[in-house]
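Enquirer: Just the structure for this:
(one chain, ligands or ions: 1)
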Amino acid sequence: MSGSGAPSIEMPRVDGARVAVVAAQWHPKVTDALVAGAIRALDESGVTDYTVIRVPGSFELPVAALHAAKSGYDAVVALGVVIRGDTPHFEYVCQAATDGLMQVGLSTGVPVGFGLLTCDNDPQALDRAGLPDSREDKGYESTQAALSTLVAIKGL
Ligand code: DLZ
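Expert: Numbers count the residues shown, from 1 in each chain. This next block holds a predicted model:
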């Protein structure tokens, strides 16, 4: 998927919102940077009431996101990194996490930011992690997407 065509979205002000950031722990240099990007976005949007929940791997993201969504959080951001290996494991974990996170959003009505990197190799992940040398900042972007969606659906 190409990154070209991304909209330029203004960071919304959502003072008073409660946000849960659920993050996997595999590939800690990248996942820690994704969490830092998410917190930067929360700070910019005025969100002070947030929780970071760490789970072991990306496969565990949906169940943690579901609990957060059912616990009264206004938005959830899911962060993780899956790196392709030699077996089909990659496809199963990516598919399960992606489908599960979509189900959480649809079944609860709580917007879920999708900050799961599914990469062929480490350089691809580092390039999207929001580190000083990265081209993209998916922790920040997925948090902004969740907050913008929250604002959009609150206006309905
Ligand atoms: C097992 C596994 C592997 C091989 N690779 C990754 C990965 O690249 N990224 C990730 O977030 N998690 C990985 N996991 C762990 C699974 O997501 C899950 O935590 C375990 O299968 C235990 O349920």
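
Enquirer: With residue 132 as the reference, measure out to residue 114.
Expert: 24 Å (C-beta to C-beta, to the nearest Å). Every residue, glycine included, has its C-beta placed from N, CA and C.

Enquirer: Who has more neighbours out of those two?
Expert: Taking neighbours as other C-beta atoms under 10 Å, residue 114 and residue 132 compare with residue 114 leading, 20 against 5.

Enquirer: can I assume that one sits in a strand?
Expert: Yes. Judged by DSSP: H, G, I helix; E, B strand; the rest coil, residue 114 forms part of a strand.

Enquirer: who touches it in this structure?
Expert: For residue 114, the contact set (C-beta atoms under 8 Å, 6 or more residues apart in numbering) comprises 78, 98, 101, 142, 145.

Enquirer: Confirm residue 60 sits in a strand?
Expert: No. In this structure, residue 60 is helix, not part of a strand, as judged by three-state DSSP.

Enquirer: any idea how far it is from residue 22?
Expert: 9 Å.

Enquirer: Kind regards, and thank you for your time.
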